[in-house]
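K.L.:
Next one to model:
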Amino acid sequence: MKKRALSILLALCIALALVPGTALAVSSEVPYPVTGGNIYFDKATGKITNCDWEVTAAVIPSKIEGVPVTSIGDNVFWGYKNLTSVVIPEGVTSIGDDAFEYCTNLTSVVIPDSVTDIGEYAFFGCTSLTSVVIPDGVTEIKSCVFSGCSGLTSVVIPESVTYIAGEAFSGCSGLTNVVIPDSITEIVYGVFSGCSGLTSVVIPDSVTYISGDAFYGCSGLTSIVIPDRVTCIDFNAFSNCTSLTSVVIPDSVTDIESGAFSGCTSLTSVVIPDSVTEIWGGVFSGCTSLTSVVIQNDDIYISGNMFEGCTGLTSIPDSITRIRSGMFIGCTGLTSIPERFTSISDRAFSGCTGLTSIPNSVTDIEDSAFSGCTGLTSIPNSVTYIGNGAFSGCTGLTDVVIPESVWFIGDEAFADCTGLISAAIKADVTLIENSTFSGCTNLTSVSIPASVTTIRSRAFYGCESLEKVYYPGTQAQWNAVSISTNNEPLKNAEVIFNSTGPDTPTPPAVCTVTFTDQQTGGVIAARTVQEGGTVGSLPAAPAHDGYTFQGWYDASGKAVTASTKVTGDMTVYARYEKASTEPSGPSGPTEPSGPAFTFEFEFGGLDPQTGTLSMSIVVYMNGIELLTIPLTLNLG
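P.N.:
Now for the predicted structure:
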């Protein structure tokens, strides 16, 4: 019996010898009761490490079993949806990463002044938290600390904070105002993005940089003043601030990055100071109320899509000297393009349905530059290059003449121009590209030059109305042209050889209107107007001593106004009448004056053989030639 007991004792000793010493150590983690359950405290580290799922409120003491509580560990209360309030005691210096993340029913938290460090995502998604006071000892608000706290209405950021990390307050849609302390020099990525309830924010003069997405989606902001030390407004910094009506950009700013004010649908005007040297893509895209843009630097670099979707814009700012890629996509309020431009980049005016014409200064039209411009009725005589899809979907084009100056016509250049009836290619091109006229369902005739040797696939696909092809060469030459597949409408049409086509519509002529001083014969002003247009604004007439200005008249004596139609070159005269020099008598009642008639007699000459005298009487009313009466007198 003793021998058996000794064997058992020996086996037990051997087993204990094989167990690591740490497994035998006494755990330093102890429970502490709070409302609904326990929290757990590590006496060795002074850290709150865990919590029972059922806990609803926690008043954490400054000491547990005589050991000071100094920190809240990472993830301690992560996702505890029953937790409604927490009191953190004085003496705690740090709150760990994700400590209270997704505590969606947490309405109150007391953070003591002893706290100097709040971890990343510490209160992320605490949607019921309404207010928070950050202690004076905190120097950095880390990433996403209060992100998604949609119930947060106020936050106090102390002067001790020198850095607010990315998205620290993003999605705090209940936050209405915030004061950023003077200790902050940079507003970093997305720090207030999605704070849709924010109506005012004071950016201190200490800030030199506003980072990307900083105020993205702050739809309640109505105005913003950017301090005069800021040098860069980064990408999407104020994007989708839909209530923003005004913004002041200081002279310190040199760079505005892409999308900085995109989607600011209430912004009506903006002045970009002379200091700005670069503006990147889409800065004002989607600013549908923008009507006035002043760019003070004539040498500024502007990237593409700058005004995409600015439907309220009616004119191109004077300081823009080059039309870049996508710059005015969807600007349906634009009706004209100034004559200073010679090249139009790809997609620059795509979807600008209000455009009716392109100036004759333009030579290069790049890919899809005017696609979907349904108001266009003609293409310029000056063009030399027509890119892929340049006029695709321009349903307002009815008769197109591609001038001799053109050396390239791209794929789908006129695809889906369903209003197109006739097309005359005057250019000496050798190739008609893929789908050039595909989908032009109403095209009835086309003139193709003898220089063409290849017509590629689908060039005339879907042109079911095509009846006649005018070709200046012979049938043998036409038979030698390589016509690819899916061009049945072209192959089935009647080809009229040795013909350049019927009378093709000529583009409107450019007419010169000259304003002349009838007294001196000198030119006052001159301008060019497209045939069929109007004279436009009238210049100020020069004053002449002793004469009274009567108005503007054409060579036939008809009065000219701003709305007078121009049908050709015309000279407009400033007419004067000699001022009356008769002394005025005593004033008294006057009779209403009627029209004043004057007469001039012009003698044509006497025929000595027949004794016939020819003459005419010219009748003037109020100084304006009214009619001429020819007379013949027989004196024989």
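
K.L.:
so which helix or strand takes in the nearest residue to residue 560 once chain neighbours are set aside?
P.N.:
Distances taken as CB to CB, 6 or more residues apart in numbering place residue 552 nearest to residue 560, at 4.4 Å, with adjacent residues excluded. C-beta: built from backbone N, CA, C; applies to glycine. Using DSSP states H and E, residue 552 maps to strand 547-553.

K.L.:
Distance from the chain centre to that strand, please.
P.N.:
Strand 547-553 has its C-alpha centroid displaced from the chain centroid by 46 Å (CA atoms, centre = their mean, to the nearest Å).

K.L.:
What of stretch 68-85?
P.N.:
Per CA atoms, centre = their mean, the centroid offset for stretch 68-85 relative to its chain is 47 Å.

K.L.:
give me the low-pLDDT residue ranges for this structure?
P.N.:
Across the chain, the ranges flagged by pLDDT under 70 are 1-26, 503-509, 580-609, 611-613, 618-626, 633, 635-636.

K.L.:
What ranges does it have for its helices?
P.N.:
2-18, 475-480, 488-492 (DSSP state H).

K.L.:
Residue 111 contacts residue 131, doesn't it?
P.N.:
No. The criterion here is CB atoms under 8 Å, and residue 111 misses it with residue 131 at 11.2 Å.

K.L.:
Which one's more surrounded, the two?
P.N.:
residue 111 (20 against 14; other CB atoms under 10 Å).

K.L.:
Contacts only, for the most centrally placed residue in the chain.
P.N.:
For the chain, the residue nearest the mean C-alpha position is residue 307 (2.2 Å; CA atoms, centre = their mean). Residue 307 sits next to 284, 285, 287, 290, 293, 313, 327, 328, 331 when contact means CB atoms under 8 Å, 6 or more residues apart in numbering.

K.L.:
how does the protein divide into domains?
P.N.:
398-505, 510-578, 597-634 (automatic domain parsing).

K.L.:
Export those as JSON lines, with columns for mean neighbour count and distance to residue 30.
P.N.:
Below are the domains of the chain laid out as JSON lines (neighbours: other CB atoms under 10 Å; distance: least, CB to CB, whole Å):
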{"stretch": "domain 398-505", "mean neighbour count": "18", "distance to residue 30": "77"}
{"stretch": "domain 510-578", "mean neighbour count": "14", "distance to residue 30": "90"}
{"stretch": "domain 597-634", "mean neighbour count": "12", "distance to residue 30": "111"}
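
K.L.:
returning to that earlier point: can you give the contact residues for the strand holding residue 552?
P.N.:
With CB under 8 Å, 6+ apart as the test, strand 547-553 has contacts from 515, 519, 538, 541, 543, 559-561, 572-579, 623-624.

K.L.:
Could you list the alpha-carbon positions for that strand in CSV?
P.N.:
Taking Å, rounded to 0.1, in the frame of the first residue of the first chain, the C-alpha atoms of strand 547-553 are listed here in CSV:
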residue,chain,number,x,y,z
TYR,A,547,-24.2,119.5,-85.3
THR,A,548,-26.7,117.2,-83.6
PHE,A,549,-26.4,113.4,-83.9
GLN,A,550,-29.5,112.0,-85.6
GLY,A,551,-28.8,108.2,-85.5
TRP,A,552,-27.2,105.4,-87.5
TYR,A,553,-28.2,104.8,-91.2
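
K.L.:
Next one: residue 183 from residue 206, what distance?
P.N.:
7 Å (CB to CB, to the nearest Å).

K.L.:
Need the residues touching each of these two.
P.N.:
Between them, residue 183 and residue 206 share no contacting residue, judged by CB under 8 Å, 6+ apart.

K.L.:
Sketch out the strands for the stretch 151-300 of the chain, chain order is fine.
P.N.:
154-156, 163-164, 177-179, 186-187, 200-202, 209-210, 223-225, 232-233, 246-248, 255-256, 269-272, 278-279, 292-295 (DSSP state E, counting those that start in this stretch).
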